[in-house]
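Chemist: how does the following fold in three dimensions:
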Amino acid sequence: MAITERDRIRLLDGFRGTLDDEQLATMSELVHDMSPDLATRTDLQTAVTQLRAETAELGSQLRSEMAELRSDLRGEMAELRGELHGEMAELRSEMGELRGEVSLEMARFMRLNMAAYITTVLIVVGLMFRIA
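Modeler: Numbers count the residues shown, from 1 in each chain. This is a model prediction of the structure:
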């Protein structure tokens, strides 16, 4: 509510018996200078209501964005989990192949060692018969 010129004059009339003319002039100037900047209780209540509404709206937007981020994160985590399971399956397959290759190489190595051992035994036996 703005203070009108009429309101200002009535206020000054109320102080006429208490203040001298110079004080009334000062008071008149002060009331005149301050009147556009004064806020009423209703103005303040309206501002508080608006601030509360804006705060509630921002809170709602924030909750909505957080829910969206949570959803996106869950989707990305599920995708990564799927990729990881695929990579692990591929590694298991490769390990199985390597295990088979190592087994074959060990068997071949054992055959070669056995052949070398038998050959060595035969040579030693042959030498023993020659000496005897």
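Chemist: which segments of the chain make up each domain?
Modeler: 1-38, 39-131 (automatic domain parsing).
Chemist: starting at the chain centroid, how far to the first one?
Modeler: The reference is to domain 1-38. Put simply, domain 1-38 sits 57 Å off its chain's centre (CA atoms, centre = their mean, to the nearest Å).
Chemist: what average pLDDT does that domain get?
Modeler: The pLDDT scores in domain 1-38 average 73.
Chemist: rewinding a little: dump the domains of the chain to CSV, plus mean neighbour count.
Modeler: For the C-beta atoms, the positions are set from N, CA and C on the backbone; glycine is no exception. Putting the domains of the chain into CSV (neighbours: other CB atoms under 10 Å) gives the following:
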stretch, mean neighbour count
domain 1-38, 11
domain 39-131, 10
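Chemist: read off the pLDDT value for the residue positioned nearest the centre of the chain.
Modeler: Nearest residue to the geometric centre of the chain (CA atoms, centre = their mean): Leu69, 7.7 Å. We have a pLDDT of 97 for Leu69.
Chemist: and it, how far is that from Leu62?
Modeler: 10 Å (CB to CB, to the nearest Å).
Chemist: before we move on, what about Thr46?
Modeler: Distance from Thr46 to Leu62, by CB to CB: 25 Å.
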